[in-house]
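# sequence below, structure please.
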Amino acid sequence: MEFLELARNRYSCRSFDNKTVEQEKIDKILEAARISPTGRNWQPQRILVLTDKEQLEKLSECTQYGWNAPVIMIICYDKTVSWKRKYDGREGGEVDASIITTHMMLEAFDLGLGTTWIGSFDPVKVREVYNVPENYEIVSILPIGYPSKEAKPSNLHLEREPIEKIAFYNKFE
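You can find the predicted model right below:
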């Protein structure tokens, strides 16, 4: 699929079929994360892959979302590895983790799977429930699975601002 078509058609899936996601597809999604660009190529991304039913059920302690997806990935970055901007010390790990999450979502969609980015979660509870190391910052939770027959884009999916409102040439007006 052409990239812009893929990006335009991908949507936040909030209803999953109970079909098992093949390991081969999980591996491809993880490969998308592995090859994603990161600051100075320091690759601070750390991903916890949940496929065990008992581990998946624990997610409800951390967020009301998850939609019974058969695979959940918790995307973190290692603060001891991530790049920091020298001018102000701004942490680059969150950007890196966001880039890899986006690449993973697009790869999943290309493989016929649905995803959505969960940003609404209790990070303290996630750390506790899944024993996330202290030097890892939790950025996103990514449910992955085959979309159910009821799955569809939200009504706002295709609403986008015009280019003229988001892009400026040579100066902000």
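
# please count neighbours and contacts with C-alpha atoms only from this point.
Noted.

# what average pLDDT does the strand or helix carrying residue 139 get?
Using DSSP states H and E, the secondary-structure element containing residue 139 is strand 136-145. Along strand 136-145, the predicted confidence averages to a pLDDT of 98.

# where does the protein dip in pLDDT?
By pLDDT under 70, the chain contains no weakly predicted segment.

# and the helices in it?
Under the criterion DSSP state H, the chain contains helices at 3-9, 23-35, 53-57, 93-110, 123-130, 163-166.

# restrict the first one to CA atoms and write it as PDB.
This file holds the C-alpha atoms of helix 3-9, laid out as PDB (Å, rounded to 0.1, in the frame of the first residue of the first chain):
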ATOM      1  CA  PHE A   3       2.300   5.300   2.400                       C
ATOM      2  CA  LEU A   4      -0.200   8.200   2.300                       C
ATOM      3  CA  GLU A   5      -3.000   5.700   1.600                       C
ATOM      4  CA  LEU A   6      -1.800   3.700   4.600                       C
ATOM      5  CA  ALA A   7      -1.600   6.700   6.900                       C
ATOM      6  CA  ARG A   8      -5.000   8.000   5.700                       C
ATOM      7  CA  ASN A   9      -6.800   4.700   6.200                       C
END
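
# fine by me, thanks again.
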